[in-house]
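Trainee: Just a sequence and a predicted model for now, questions to come.
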Amino acid sequence: MSSATSPAAAPQAPDRATGRERRYDIDLLRVLCTAAVVLVHASAEFIDAGHRTTGILGDTAGRYAVPAFFAMAGWAALSGAPVRDEARLLARLGRILRPMALWTALYLLASYVFGGNRGQAGEEAVRALFGSVEAAFHLWYLYAYVPLLLLLGVVVLVVRGRALPRRSAVLLVALAVAPALLGDVTTLTGWAPPDWTWSVPLSSVVYAVAGAALLAAPRRGPRVLWAAAAAVTLVVLAVYQLTVRHPAAYGSAAVAAVTFTVLGTVAGVRVPERARPLLARLSDASFGTYLVHLVFVTLLAGPVAGHLPAGPWAPVALAVTTVAAAALSFAVSLLWGRLGWRPWLG
């Protein structure tokens, strides 16, 4: 799928009719952010195992990834490959929701078989319809990403087509009124449904719009200044997370500063011709990598962190397990892509 239509971890199918030139800098950013997500989740395993400083520093190094994904989503929806009609918008959403549903079911099944929570299997399955579940906690991002794409797509269709996309608008309104409606259901019946998390925070909308502007800008200033600013903001974020709050909210000033300086550093970078085919394949495999990586993080980072004694080896162990988990995740995603399973597995 083209980088003009696949903004982030969640893919959108290529629109070959647009004839847009592939943005390899966006491909590079997507691959970096996908690897950074693996680092964040591996870091969480180290924090849980008692290696707090190492884990927080690893989390800091990848904290920009989720906001950057929202920024790439905004760029694709508003500038890179805006939808032409409602059918294409709904098709894009379907290409996210189908793998999301399948992987949610797989993670729930694995939790049922290996996690020892068989008594809560039904409750977890119901929660998956309303919001993130523990077995697949990393999919929380998609509960915000889907409404964001729907919102931006409807705006584009209304502004450019000057017509109301009826089905998409109805779906958008349904997502908006669902929390209040469920609250009324609780009042009337006494049944307390799970929390509704199919929603997008204002901070994510701002990342999408401001990120789209930055990624689409023809001139962004000297790259060395962006890189220097990224280094400084990473240090500030590390200090903040070590002394004030961990994890830092994605909408916090420190995370926003890191995110936009990283975007400015990578945006527009020229990727060598010989590296472009591999980078494109990795980029196309990023959504599947995001969906499956928790398996390898759990199998590798968790046991290593749990058996590692206190000492200077924790950063090395985190780096090695992160690289291994990311490599295996990309590898299996590339494999099922070659087998033609990407429409279902991502």
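Mentor: Thanks, I have the structure now.

Trainee: So what touches the helix or strand bottoming out on mean pLDDT in the chain?
Mentor: Scoring the helices and strands of the chain by mean pLDDT, DSSP states H and E places helix 121-130 at the bottom, with a mean of 84. For helix 121-130, the surrounding residues in contact (CB atoms under 8 Å, 6 or more residues apart in numbering) are 104, 108, 111-112, 117, 133-136, 193-198. For the C-beta atoms, the positions are set from N, CA and C on the backbone; glycine is no exception.

Trainee: Quick check: buried residues in that helix?
Mentor: 121, 124-125, 127-128, 130 (16 or more other CB atoms under 10 Å).

Trainee: which one among the residues you listed gets closest to residue 154?
Mentor: residue 130 (22.5 Å; CB to CB).

Trainee: what about the closest one, distance to residue 295?
Mentor: According to CB to CB, to the nearest Å, residue 130 stands 24 Å off from residue 295.

Trainee: quick one: low-confidence parts of the chain?
Mentor: Counting by pLDDT under 70, the ranges of the chain that qualify are 1-19, 116-119.

Trainee: Helices of the stretch 1-150 of the chain, start to end?
Mentor: Listed in chain order, the helices of the stretch 1-150 of the chain (DSSP state H, counting those that start in this stretch) span 24-48, 52-62, 65-75, 86-114, 121-130, 140-161.

Trainee: quick one: buried residues of the second one?
Mentor: Spelled out, that is helix 52-62. For helix 52-62, using 16+ other CB under 10 Å, the buried residues are 54-62.

Trainee: What is that helix packed up against?
Mentor: helix 24-48, helix 223-243, helix 314-338 (3 or more CB pairs under 8 Å, 6 or more residues apart in numbering; DSSP states H and E).

Trainee: Contacts for it next, please.
Mentor: 35-40, 42-48, 234, 237-238, 241-242, 246-247, 314-315, 318, 322.

Trainee: cool, and the third one?
Mentor: For helix 65-75, contacts defined as CB under 8 Å, 6+ apart pick out 7-10, 26, 29-30, 32-34, 36-37, 40, 141, 144-145, 148-149, 152, 203-204, 207-212, 214-216, 250, 255-256, 259, 262-263.

Trainee: Buried members of those residues into ChimeraX, please.
Mentor: A single ChimeraX command suffices to select whichever of those are buried according to 16+ other CB under 10 Å:
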select :7,8,9,10,26,29,30,32,33,34,36,37,40,141,144,145,148,149,152,203,204,207,208,209,210,211,212,214,215,250,255,256,259,262,263
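
Trainee: Check whether residue 82 really touches residue 156, as I assumed.
Mentor: Yes. At 4.6 Å, residue 82 and residue 156 qualify as touching, with contact defined as CB atoms under 8 Å.

Trainee: ok, now how distant is residue 104 from residue 144?
Mentor: Residue 104 sits 15 Å away from residue 144 when distances are taken as CB to CB.

Trainee: How about residue 193?
Mentor: For residue 193, the distance to residue 144 - CB to CB - is 19 Å.

Trainee: rewinding a little: list buried residues within the contacts of helix 121-130.
Mentor: Using 16+ other CB under 10 Å, the buried members of the contacts of helix 121-130 are 104, 108, 111-112, 133, 135-136, 193-194, 196, 198.

Trainee: Out of those residues, flag the one nearest to residue 227.
Mentor: Minimum distance to residue 227 across the buried ones among the contacts of helix 121-130 is 35.0 Å, recorded for residue 136 (CB to CB).

Trainee: Lovely, talk soon.
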